[in-house]
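S.K.: Here's a sequence, model it:
(one chain, ligands or ions: 1)
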Amino acid sequence: MNAPNTSGWKPEMTPADEDGLHNGPETVTGNRALLLEEPLLFERGKADVTGVDLPDVPEGISDKLGGFARTEPIGLVGLTEPETVRHYTRLSRQNYAIDLGLFPLGSCTMKHNPRLNEKVARMPGFADVHPLQPVSTVRGALEVINELAFWLIDLTGMHGVAMSPKAGAHGELCGILCIRAALEARGDAREVVLVPESAHGTNPATAAFAGYRVEDIPATPEGRVDLDALKARLGPDIAAVMITNPNTCGLFERDMKAISDAVHEAGGFVYCDGANFNAIVGKVRPGDLGVDAMHINLHKTFSTPHGGGGPGSGPVVLSEALAPFGPLPYTARTKDGVVHLIEEEDADAFSEEHFGGVMQSFGRMTAFHGQMGMFTRALTYMLSHGADGLKQVAEDAVLNANYILRSLEDLLSAPYASAGPCMHEALFGDEGFGGDLTTLDLAKALIDEGYHPMTMYFPLVVHGAMLVEPTETESKASLDQFIAALRHVAERAKAGDESMKEAPYYAPRRRLDETLAARKPKLAWQEPETGEA
Ligand SMILES: *Cc1c(COP(=O)(O)O)cnc(C)c1O
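M.R.: Sure thing, here's the model as predicted:
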């Protein structure tokens with residue numbers, strides 16, 4: 001079925017380097033051993049091929065389409081089923097995944113996704129429900145959402161939780177909108193949100209998107225929020241501060257309670273970016289530190305897949321002060337013991353009857369209630385670990401990160417290593433690299449060693465930053481192999497090994513213009529003007 005490549009198409013070959021390092025003889029197919037090359041779907045598919053049998057269009061149907069019936073071919077190419085399966089399977093083999101190896105992206109918590117989660121998520125009662133089904137037919141699913149909500153509230157020591165946000169950044173927006181609604185409810189128009197320099201880019205972006213002016217909070221030389229500078233800036237114009245704890249330098253913000261107290265005293269709210277909750281889950285309850293809103297990335301701390309930018313989930317836990325302003329719909333177990341889905345039309349009556357207050361929701365974040373598939377997985381993860389297991393997750397994650405920090409600090413500059421142990425991630429800089437070698441070159445050389453690079457150039461407060469987060473699911477043997485690889489490329493960088501400028505040598509493609517690709521993505525295929533593929 002799958003004919004060899006006869007179209008005359010040839011992949012862009014990696015040029016042979018001087019030492020003949022990569023290239024053996026050119027192959028007639030363009031394939032390299034079992035790593036297969038192939039053209040784009042548009043270049044290999046055929047307009048008259050399809051993998052499914054469709055019925056003929058009935059006579060007269062176009063009369064019913066109000067003049068919108070298509071008169072020209074749709075312009076999509078077709079593939080048979082095996083061609084389709086092979087195309088996407090081949091593409092997937094050129095990708096790197098947590099199921100292939102250690103994935104050291106700092107701040108992303110690329111931990112193993114347990115197969116038990118998958119098994120439970122695929123149970124028909126969870127996998128096959130639809131958000132428009134009558135509520136009476138999805139009681140079990142609502143129980144799951146409510147149980148997960150209960151765990152999140154319990155683990156964080158907070159008052160309520162909005163389950164619907166679909167990513168960490170979406171959760172940030174939800175939290176900031178709650179804060180805005182709470183301020184508006186008391187007739188207090190505040191304009192500024194304070195964000196530390198080391199913050200994830202989504203924090204200032206969220207505040208700006210919600211209409212606030214963003215100002216920096218300076219850091220101390222040890223990489224923590226400068227409490228005195230923060231206090232000096234507080235005043236009647238500050239709506240909120242957004243603080244990541246543990247922060248993106250891999251350090252716990254020890255002054256968090258003092259920060260919250262000062263912000264509250266000045267009439268503002270405390271947003272905590274909880275993306276790094278993996279380092280403290282079961283050990284610290286953010287509610288005890290005075291946090292008003294915090295998102296939790298289920299796809300980080302609670303082991304659900306990071307699906308290629310896809311199905312994330314970012315529930316936001318809320319303090320007592322903010323909970324009444326949270327989004328609809330939400331689930332609640334009422335006195336009759338049943339979990340209900342509370343929508344706009346019944347929110348006020350429901351709050352009156354069961355909680356003795358009026359709901360002041362700012363509105364909705366999503367069409368429905370959130371990412372059911374992620375809820376099922378996250379709750380499975382929690383129940384399979386138990387409270388003691390989750391605590392051990394945090395301890396092991398921190399242990400693994402410190403093992404990496406201490407195994408490399410003699411070779412790579414580690415700006416905050418002298419301040420004591422790190423939390424869940426180890427931060428290095430590019431100080432002492434030879435020649436004009438950069439963090440990018442080291443990262444590319446790490447690809448040749450079989451590893452996805454660590455987070456680079458973030459946080460911005462460290463020159464040439466490399467942020468490594470091993471997570472608790474790596475064994476010591478796996479960490480040792482990664483450390484050996486990183487030491488090797490670090491030694492080459494310090495020795496000024498210029499050959500790193502050309503790395504990666506062994507990847508299917510070498511140096512791509514990633515900036516151009518991000519800024520000017522080509523999102524649609526265009527037929528080559530010459531008519532040749
Ligand atoms: C991952 C992350 C976010 C954003 O979360 P998404 O789920 O990717 O939207 C925000 N802040 C920090 C510190 C993060 O690591």
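S.K.: So what does the closest residue to the ligand within the stretch 151-300 of the chain have for phi and psi?
M.R.: Residue of the stretch 151-300 of the chain nearest the ligand, by CB to the nearest ligand atom: residue 168 (2.3 Å). Every C-beta, even on glycine, is put in place using the N, C-alpha and C of the backbone. Torsion angles at residue 168 (phi, psi; degrees, to the nearest 10) stand at phi -60, psi -50.
S.K.: That one and residue 301 touch, don't they?
M.R.: No: the pair residue 168 / residue 301 is not scored as a contact, 10.4 Å apart, by CB atoms under 8 Å.
S.K.: what sits against the residue of the stretch 151-300 of the chain closest to the ligand?
M.R.: Contacts for residue 168 were tallied using CB atoms under 8 Å, 6 or more residues apart in numbering; they are 202, 273, 275, 295, 297, 300, 312, 314.
S.K.: same thing with residue 143?
M.R.: Contacts of residue 143 by CB under 8 Å, 6+ apart are residue 339.
S.K.: The same query, at a cut-off of 10 Å, please.
M.R.: Residues in contact with residue 143 (CB atoms under 10 Å, 6 or more residues apart in numbering) are 331, 333, 338-339, 379.
S.K.: if we can go back for a sec, need the overlap of contacts for residue 168 and residue 301.
M.R.: Listed as contacting both residue 168 and residue 301 by CB under 10 Å, 6+ apart are 274-275.
S.K.: before we move on, back to that, quick one: which two of the contacts of residue 168 are the most distant?
M.R.: Farthest-apart pair in the contacts of residue 168 is 273 and 312; separation 14.5 Å (CB to CB).
S.K.: Listing partners with orientation, what would you give for the biggest strand by length in the chain?
M.R.: When the chain is scanned for its longest strand (criterion: DSSP state E), the result is strand 238-244. Strand pairing for strand 238-244, using DSSP bridges, gives strand 192-196 (parallel), strand 269-273 (parallel).
S.K.: if we compare those, which one ends up closest to residue 263?
M.R.: strand 269-273 (5.2 Å).
S.K.: can you tell me if the closest one touches the ligand.
M.R.: Yes: for strand 269-273 and the ligand, the contact criterion (CB under 6 Å from any ligand atom) is met by residue 273.
S.K.: right, and the helix or strand after that strand?
M.R.: Downstream of strand 269-273, the next assigned helix or strand under DSSP states H and E is strand 293-295.
S.K.: any idea how far that next one is from the chain center?
M.R.: Remark: strand 293-295 is offset 15 Å from the chain centroid, using CA atoms, centre = their mean, to the nearest Å.
S.K.: next one: stretch 195-205
M.R.: 15 Å.
S.K.: For the residue of the stretch 151-300 of the chain closest to the ligand, report the pLDDT, please.
M.R.: Looking at residue 168, its pLDDT is 96.
S.K.: So which other helices or strands are in contact with the worst-scoring helix or strand of the chain on mean pLDDT?
M.R.: Using mean pLDDT, DSSP states H and E, the weakest-scoring helix or strand in the chain turns out to be helix 344-350, at a mean of 81. Judged by 3 or more CB pairs under 10 Å, 6 or more residues apart in numbering; DSSP states H and E, helix 344-350 is in contact with strand 330-333, strand 339-342.
S.K.: wait, which of the strands paired with strand 238-244 is closest to residue 415?
M.R.: Closest to residue 415 of the strands paired with strand 238-244, according to CB to CB: strand 192-196, at 15.5 Å.
S.K.: Put the alpha carbons of the closest one into CSV.
M.R.: Output of strand 192-196 as CSV, limited to C-alpha atoms (Å, rounded to 0.1, in the frame of the first residue of the first chain):
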residue,chain,number,x,y,z
VAL,A,192,-1.7,48.5,39.3
VAL,A,193,-0.6,44.9,39.7
LEU,A,194,2.9,44.3,41.1
VAL,A,195,4.9,41.4,39.6
PRO,A,196,8.5,40.3,40.4
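S.K.: do that strand and the ligand meet at all?
M.R.: No: Strand 192-196 lies out of reach of the ligand by CB under 6 Å from any ligand atom, never closer than 11.0 Å.
S.K.: For this structure, give me the ranges with low pLDDT.
M.R.: 1-23, 308-310, 355, 530-533 (pLDDT under 70).
S.K.: what's the domain layout of it?
M.R.: 118-125+136-327+365-378, 393-519 (the TED database).
S.K.: Mean neighbour count, the ones you listed: which tops it?
M.R.: domain 118-125+136-327+365-378 (a mean of 21; mean count of other CB atoms under 10 Å).
S.K.: The host helix or strand of residue 150 relative to strand 269-273, how many degrees between them?
M.R.: Assessed by DSSP H and E, residue 150 sits inside helix 139-156. Calculated by axes from the mean of the first three to the mean of the last three CA atoms, to 10 degrees, helix 139-156 forms an angle of 110 degrees with strand 269-273.
S.K.: centre of the chain versus helix 139-156, how much separation?
M.R.: Chain-centre distance of helix 139-156: 21 Å, with CA atoms, centre = their mean.
S.K.: same check, this time on stretch 223-238
M.R.: 29 Å.
S.K.: Is there proximity between the longest helix seen in the chain and the ligand?
M.R.: Using DSSP state H, we find that the single longest helix of the chain is helix 372-408. No: on the criterion CB under 6 Å from any ligand atom, helix 372-408 is out of touch with the ligand, staying 11.0 Å away.
S.K.: In the stretch 351-500 of the chain, what residue lies closest to the ligand?
M.R.: Residue nearest to the ligand within the stretch 351-500 of the chain: residue 455 (8.7 Å; CB to the nearest ligand atom).
S.K.: Which members of the contacts of residue 143 are the farthest-apart pair?
M.R.: For those, and using CB to CB, no pair is farther apart than 338 and 379, which are 18.7 Å apart.
S.K.: If you count surrounding residues, which of these two has more?
M.R.: Each of residue 338 and residue 379 has its neighbours counted (other CB atoms under 10 Å); residue 379 has more, 24 against 12.
S.K.: these two touch, right, that one and residue 144?
M.R.: Yes: counting by CB atoms under 10 Å, residue 379 touches residue 144, with 5.8 Å between them.
S.K.: All the strands of the stretch 101-250 of the chain, residue numbers only.
M.R.: For the stretch 101-250 of the chain, applying DSSP state E, counting those that start in this stretch gives strands covering 160-162, 192-196, 213-217, 238-244.
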